[in-house]
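Asker: Compute the structure for the input listed below.
(one chain, ligands or ions: 1)
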Amino acid sequence: MRVINFNPGPAGLPLPALERARDELLDFQGSGMSIMEHSHRGKDYEAVHFEAIALLTRLLGIPDSHTVVFSTGGASMQFGMIPTNFLRPTAAAQYVLTGGWSEKALDEAKIVGQARIAATTRNNDGTYTRVPTQAEVKFDTNSAYAHTTSNNTLFGTQFHDFLDTGPVPHVCDMSSDFLWRPFDVSKFALTYAGAQKNLGPSGVVVIVAKKEFLASGRKDIPKVFRYQTHAEADSMYNTPPTLAIYLVRNVLAWMEKEGGLPAMEKRNRAKADAIYNCLDSLSDFYRAPVEKASRSTMNVVFRLPSEALDTEFVADAKKAGMVGLKGHRLTGGIRASIYNAVSERDVQTLVEFMKSFAKSKG
Ligand SMILES: *Cc1c(COP(=O)(O)O)cnc(C)c1O
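Answerer: Got it, this is the predicted structure:
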């Protein structure tokens, strides 16, 4: 029996994508072996690899100016790769701090070169409860790039309008909300997302970047660290994580079949609205710390009147078939991660549970 999975990442995957993997596991399309046993240079794997790229290109409407790169090492490795490729002694990078992941990204950049804080919404207690407005951020036009985080997985905040970085190349960590809705790829120099939140298993990072920007990267670093190396080789410079890319392909095919990103957005907004409406209507029991304009459609964080009740909520939810609701160790409380694979019905089950829990304990 499958549970309702609200894990923040690795997160639940759409059932049809897993069923397809199950059906093809031992014998991929009559080849007598699984996809992960195929050579990455063979036509069977190549078809999957390029289908994944084609699906992404269609779903996002990626223009010719941009390209897709698959990387390993997680989003965290990109925190190091980005400054290694694009920082120069003459130009600093600018980081917008909106949560724990952006702090980590900044720390890595500082090891490589000059990196400054363009804006931060950190509260005195170390938490974040909103993202900055455009007016609060000033990008120095000489910067190598500006780095933002579109959705803050730990604290449940999200940019609903992306910051405009002007002439400065915009680099964005979209790990926890990539493909939750359509977005204009042409506005970004580089976006990256670890697959295990919204588009597949761990082990692969999807990068969508401007070709010109990748080509401008440093050449005095090892080849394997250069984005350009991987872009030029269609992400087959060395052995790619074939099974992870295969599963991403299955998820992307599912998304397309479901109606693409406009359908994902409609569903995701309805899901988030259902939970936030419940929180607001029961505000003397549940406390939602994030400012309304910054509320995430992917990670909904809230607290109950006491830590004991938080613990009871998680335990009772588990008995009702719902897992993954415990908040991050930094924030405590509850976090419901409602990525694309979580259905409206799953969310309705949670909302009904929240109502009855508040009624019995409030
Ligand atoms: C999960 C996450 C990361 C880290 O991902 P890894 O693949 O574990 O390195 C980075 N940024 C954001 C926004 C995340 O949600």
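Asker: drop to CA atoms for contacts and neighbour counts, all remaining ones
Answerer: OK.
Asker: Do you know the pLDDT at the closest residue to the ligand within the stretch 251-362 of the chain?
Answerer: With CA to the nearest ligand atom as the measure, residue 299 is the residue of the stretch 251-362 of the chain nearest to the ligand, at 9.8 Å. Looking at residue 299, its pLDDT reads 98.
Asker: try the one 3 residues further on
Answerer: Confidence per residue is given as pLDDT, and for residue 302 that number is 98.
Asker: okay, now the nearest residue to it once chain neighbours are set aside: neighbour count?
Answerer: The shortest distance from residue 302 to any non-neighbouring residue, by CA to CA, 6 or more residues apart in numbering, is to residue 288 (4.5 Å). By other CA atoms under 10 Å, 20 other residues sit near residue 288.
Asker: wait, residue 288 sits on residue 305?
Answerer: No - between residue 288 and residue 305 there is no contact under CA atoms under 8 Å: 11.2 Å.
Asker: what ranges of the stretch 201-350 of the chain fall below the confidence cut-off?
Answerer: Under the criterion pLDDT under 70, no range of the stretch 201-350 of the chain is flagged.
Asker: can you tell me the residue of it closest to the ligand?
Answerer: Counting by CA to the nearest ligand atom, the stretch 201-350 of the chain gets nearest to the ligand through residue 202 (6.7 Å).
Asker: Correct me if wrong, but that residue is in a helix.
Answerer: No - according to DSSP: H, G, I helix; E, B strand; the rest coil, the state of residue 202 is coil, so it is not within a helix.
Asker: Not counting its neighbours along the chain, what's nearest residue 63?
Answerer: residue 186 (7.0 Å).
Asker: Surely that neighbour and residue 66 touch.
Answerer: Yes - contact criterion CA under 8 Å: residue 186 and residue 66 qualify, at 7.5 Å.
Asker: Check the contact lists of these two and give me the overlap.
Answerer: residue 210 (CA atoms under 8 Å, 6 or more residues apart in numbering).
Asker: Looking at these two, which one has more neighbours?
Answerer: It is residue 66, of residue 186 and residue 66, that has more neighbours when counted by other CA under 10 Å, with 19 against 16.
Asker: Quick check on the more buried one: phi, psi?
Answerer: Note on residue 66: its backbone torsions stand at phi -120, psi 160 [degrees, to the nearest 10].
Asker: Same check on the one 4 residues further on?
Answerer: Listed backbone geometry of residue 70 is phi -100, psi 130, with angles given as degrees, to the nearest 10.
Asker: right, and the secondary structure at the residue nearest to it when sequence neighbours are not counted would be what?
Answerer: Closest residue in space to residue 70, ignoring its immediate chain neighbours: residue 206 at 5.0 Å, by CA to CA, 6+ apart. In three-state terms, and counting by three-state DSSP, residue 206 is strand.
Asker: If you tally nearby residues, what's the number for residue 206?
Answerer: Per other CA under 10 Å, the neighbour tally for residue 206 reads 25.
Asker: same check, this time on residue 27
Answerer: 13.
Asker: since we're on residue 119, how many residues are nearby?
Answerer: There are 20 residues near residue 119, going by other CA under 10 Å.
Asker: The closest residue to it other than its chain neighbours: what's it in contact with?
Answerer: Distances taken as CA to CA, 6+ apart place residue 96 nearest to residue 119, at 4.9 Å, with adjacent residues excluded. With contacts taken as CA under 8 Å, 6+ apart, residue 96 has the following neighbours: 102, 117, 118, 119, 120, 146, 147, 148, 149.
Asker: again with residue 282
Answerer: 355, 358.
Asker: The same query, at a cut-off of 10 Å, please.
Answerer: Neighbour list for residue 282: 276, 354, 355, 358, 359, 362 [criterion: CA atoms under 10 Å, 6 or more residues apart in numbering].
Asker: Backbone dihedrals for the residue nearest to the second one when sequence neighbours are not counted, please?
Answerer: Put plainly, it is residue 354. Excluding its sequence neighbours, the residue lying closest to residue 354 (CA to CA, 6+ apart) is residue 278, at 7.8 Å. Dihedral pair for residue 278: phi -60, psi -40, per degrees, to the nearest 10.
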